[in-house]
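>>> no sequence for this one, just the structure:
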């Protein structure tokens, strides 16, 4: 097992390995997607992708500070409608649902990387630190990539008496970093967990992606989407995924969703099997029933692809208008109740236009604006 300080995490072994190998998803020594996919660059795309990386004119880093809000005052009282979301960046969302508080894919560190000195650096400070979060009922981790599972964040969250709910095998990383084994819940697809002291259930569901935190151990842990259900509300969280017809199965099993959280950034045709992008996010939303609001995540925090930093948002807004999909696009740190939102806040356009951002409580946290090489590793 890796030392606790290693960002590469732990190795699946013992009883955990027995559960992994018993999964129908695990074949020939690794987890497999239902349909064969290319996890990295598709054949024939290498040269063109490298050329685009070197010569592309896209603005892959914001031209100025992003508008942020501090959500702490809003968190002092429960949501009146029973459902509230707070986007903290990338795929990290504080979800308040029917009296429970759940945190998705916690990444509060400076870089989506195993190193503190290299790798994609965040565009903005976090709207709230781990220490500033309210009491949590569960931490949800879809898979083990660096922009979804962050060593500094886990070390901080491990100090709280909160369960971690994740995919098969990912518990090896959590346990290596100090999360007690009894607080780690690992799920195969379609398995569920009832969050203690709440009326909320979390179910792992299919996604189309891959896993791994280094050159070794590719696909030794599972990747999942997650369904969060309470007595009155239901939310879907994609984690990372390409477009899969299994979303029809998810809709058939669970029915209507109030909010559908889908990834839209870090996408490129060269690795389109493992990420959605805006157009496929809308298709996935339709397969999931097309009800409620589409909440785009996995964009606006790290430079992980070749597109402009705000292109996913602009493309999604344009395509959603054509298809009549309702969007939920909060600015960073804004705690809002989805059923009360009926207009898109195009906050990213204020950055492009040079409008002054919302004042920060901690101006020293302003990002340096350095760009890092994008890589299809998330």
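All right, it came through fine. Please read these numbers as outputs of a predicted model, since none were measured by experiment. Numbering: from 1, shown residues only.

>>> low-confidence ranges in this protein?
Counting by pLDDT under 70, the chain shows low-confidence ranges at 1-5, 39-56, 352-378.

>>> flag every buried residue along the lengthiest helix in it.
Secondary structure of the chain per DSSP state H: the longest helix is helix 311-323. The neighbour-count check on helix 311-323 (16 or more other CB atoms under 10 Å) flags 311-317, 320 as buried. Yep, even glycine has a C-beta here, placed from its N, CA and C like the rest.

>>> that helix - contacts with which helices or strands?
helix 277-287, strand 293-297 (3 or more CB pairs under 8 Å, 6 or more residues apart in numbering; DSSP states H and E).

>>> give me the contacts around the helix or strand following that helix.
As assigned by DSSP states H and E, the chain's next helix or strand after helix 311-323 is strand 335-336. Defining contact as CB atoms under 8 Å, 6 or more residues apart in numbering, one finds that strand 335-336 is touched by 69, 71, 74-75, 84-86, 94, 328, 330.

>>> show the contacting residues for the residue nearest to residue 339 when sequence neighbours are not counted.
Computed as CB to CB, 6 or more residues apart in numbering, the closest residue to residue 339 that is not its neighbour in sequence is residue 81, at 5.3 Å. Residue 81 is in contact with 337-340, counting by CB under 8 Å, 6+ apart.

>>> over to residue 147?
The contact partners of residue 147, by CB under 8 Å, 6+ apart, come to 90-91, 107, 112, 120, 266, 298, 302, 304, 378.

>>> ok so, going back, can you add distance to residue 29 and give the buried residues of helix 311-323 back as a markdown table?
Shown next, in a markdown table, are these (distance: CB to CB, whole Å):
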| residue | distance to residue 29 |
| --- | --- |
| 311 | 38 |
| 312 | 35 |
| 313 | 39 |
| 314 | 42 |
| 315 | 38 |
| 316 | 38 |
| 317 | 43 |
| 320 | 41 |
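
>>> give me the buried subset of the contacts of residue 81.
Taking 16+ other CB under 10 Å as the criterion, what is buried in the contacts of residue 81 is 338-339.

>>> take the contacts of residue 81 and keep only those in strands.
Among the contacts of residue 81, no member falls in strands (criterion: DSSP state E).

>>> all strands of the stretch 51-200 of the chain, in order?
Taking DSSP state E, counting those that start in this stretch, the strands of the stretch 51-200 of the chain run over residues 83-89, 92-97, 100-104, 138-141, 164-167, 184-187, 192-194.

>>> what's the end-to-end length of stretch 147-160?
One end of stretch 147-160 sits 21 Å from the other (CA to CA, to the nearest Å).

>>> and that stretch, how far out from the chain middle?
Its chain's average C-alpha position is 14 Å from that of stretch 147-160, according to CA atoms, centre = their mean, to the nearest Å.

>>> buried residues of that stretch, list them for me.
Residues 147-158 are the ones in stretch 147-160 that count as buried (16+ other CB under 10 Å).

>>> and if you look at stretch 260-272?
Neighbour-count burial for stretch 260-272 [16+ other CB under 10 Å]: 260-268, 270-272.

>>> check stretch 74-83 too.
By 16+ other CB under 10 Å, the buried positions in stretch 74-83 come out as 74-75, 79, 82-83.

>>> relative to residue 76, how far out is residue 92?
As judged by CB to CB, to the nearest Å, residue 92 and residue 76 stand 20 Å apart.

>>> er, residue 254 I mean
Using CB to CB, we find residue 254 at a distance of 32 Å from residue 76.

>>> ditto for residue 37
Between residue 37 and residue 76 the computed distance is 44 Å (CB to CB).

>>> number of nearby residues for residue 244?
By the other CB atoms under 10 Å criterion, the neighbourhood of residue 244 contains 23 residues.

>>> my bad, should have said residue 290
By other CB under 10 Å, 17 other residues sit near residue 290.

>>> wait, it sits on residue 320?
No: using CB atoms under 8 Å, residue 290 makes no contact with residue 320, being 11.1 Å away.

>>> which secondary structure state does residue 210 sit in?
In three-state terms, and counting by DSSP: H, G, I helix; E, B strand; the rest coil, residue 210 is coil.
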